[in-house]
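Enquirer: okay, structure incoming, though there's no sequence with it:
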């Protein structure tokens, strides 16, 4: 109702006045929420409670850091598209996103999340070696269509929010795979 409209209006005002901080807070919240959902699913599957304040913090810090990265990336991607003037701008954006940004960001994500949760470099290396290939393929399957929609229909200022909503599922997937 009216409360949702007022909240949406305020969110859009914050995107104009404090875009990076707003996107950082949004991605922090949604990343932490993904961990809450993932922990509940893990508990239903294994009976083990895995939600801790530490894990919640790890995901929130990750989200707070990745929001500004994507804010920068979407702006840079628009700038590069204008410079390159490709024949097919959607394909250019999609290939840049999927092949240039995704592999290193996913690798860094898996390293950070595993190292922050285990505290062990050796366990992190083993986990990343095991998870990276399947996670990259899953990322390409899920995020390619999501990014096509993002680049075609979502205004640039809302792309991080859109990605954060899609990432709720993705973060839950990552939480379950760890």
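Expert: Here it is on my side, so go on. The shown structure was predicted, so the numbers you read here are calculated from the model rather than taken from an experiment. Residues are numbered from 1 along each chain as shown.

Enquirer: any weak-confidence spans in the chain?
Expert: Scanning the chain for pLDDT under 70 picks out 171, 173-178.

Enquirer: helices of that one, residue ranges please.
Expert: Taking DSSP state H, the helices of the chain run over residues 2-17, 19-46, 53-84, 89-95, 102-118, 121-153, 159-177.

Enquirer: for the fifth one, buried residues please.
Expert: Of all the residues in helix 102-118, those buried under the rule 16 or more other Cβ atoms under 10 Å are 102, 105, 106, 109, 110, 111, 112, 113, 114, 115, 116, 117. No exception for glycine: its C-beta is placed from N, CA and C like everyone else's.

Enquirer: what helices or strands is it leaning on?
Expert: Applying 3 or more Cβ pairs under 8 Å, 6 or more residues apart in numbering; DSSP states H and E, one finds that helix 102-118 makes contact with helix 53-84, helix 121-153, helix 159-177.

Enquirer: in CSV: these, plus distance to residue 39.
Expert: CSV is the format used below for the helices and strands packed on helix 102-118 (distance: least, Cβ to Cβ, whole Å):
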stretch, distance to residue 39
helix 53-84, 7
helix 121-153, 17
helix 159-177, 7
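
Enquirer: quick one: which of those helices is nearest residue 5?
Expert: Ranking the helices and strands packed on helix 102-118 by proximity to residue 5 (Cβ to Cβ) places helix 159-177 first, at 16.0 Å.

Enquirer: that'll do, ta.
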